[in-house]
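**Q** return a 3D structure for these sequence lines:
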Amino acid sequence: MKIDALRIKNFRGLINFDCTPKEKNVIISGPNGSGKSALVDAIDFLFTGKITRLTGTGARELSLKEHGPHVDHDAYPVQYN
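**A** Prediction:
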């Protein structure tokens, strides 16, 4: 599957992110805390409905509800199942 365009709003640390890849491959780089993992988590959530790194045996007490949203934003309340 190919992503032709991606728009992420208010997901974890990403307030407003837009990307239209021009080539087959994309490199994500930046300093710690710049949103690289949040971007990967958003794409994971898009395709699976969950954040895989927050589930499974190694995740212990991590949860999507508590550790998924990192942006304090009341305009769009997030509901988790």
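**Q** so what sits opposite the residue nearest to V26 when sequence neighbours are not counted in the bridge?
**A** Spatial nearest neighbour of V26, chain neighbours left out: C19 (7.7 Å); criterion: C-beta to C-beta, 6 or more residues apart in numbering. All C-beta atoms are positioned from the backbone trio N, CA, C, and that covers glycine. Assessed by DSSP bridges, C19 has beta-bridge partners L6.
**Q** list the helices and strands the longest helix anywhere in the chain packs on?
**A** Determined from DSSP state H, the single longest helix within the chain is helix 36-48. Contact analysis of helix 36-48 by 3 or more C-beta pairs under 8 Å, 6 or more residues apart in numbering; DSSP states H and E lists strand 6-11, strand 14-19 as its packing neighbours.
**Q** buried residues in the last one?
**A** Pointing back at strand 14-19 there. Buried positions in strand 14-19, judged by neighbour count with 16 or more other C-beta atoms under 10 Å: L14.
**Q** could I get the average pLDDT for that strand?
**A** Averaging the model's pLDDT scores along strand 14-19 yields 90.
**Q** what's R53 sitting at in phi/psi?
**A** Here the main-chain torsion angles of R53 (degrees, to the nearest 10) amount to phi -70, psi -20.
**Q** neighbours around it, how many?
**A** Other residues within reach of R53 by the criterion other C-beta atoms under 10 Å amount to 14.
**Q** can you find the helix or strand of this protein with the lowest average pLDDT?
**A** The weakest-scoring helix or strand in the chain, judged by mean pLDDT, DSSP states H and E, is helix 64-67 (a mean of 63).
**Q** surely the residue nearest to V26 touches A5?
**A** Yes. C19 sits in contact with A5 when judged by C-beta atoms under 8 Å, with a separation of 7.1 Å.
**Q** in stretch 5-25, what counts as buried?
**A** Of the residues in stretch 5-25, 8, 10-14 count as buried by neighbour count, 16+ other C-beta under 10 Å.
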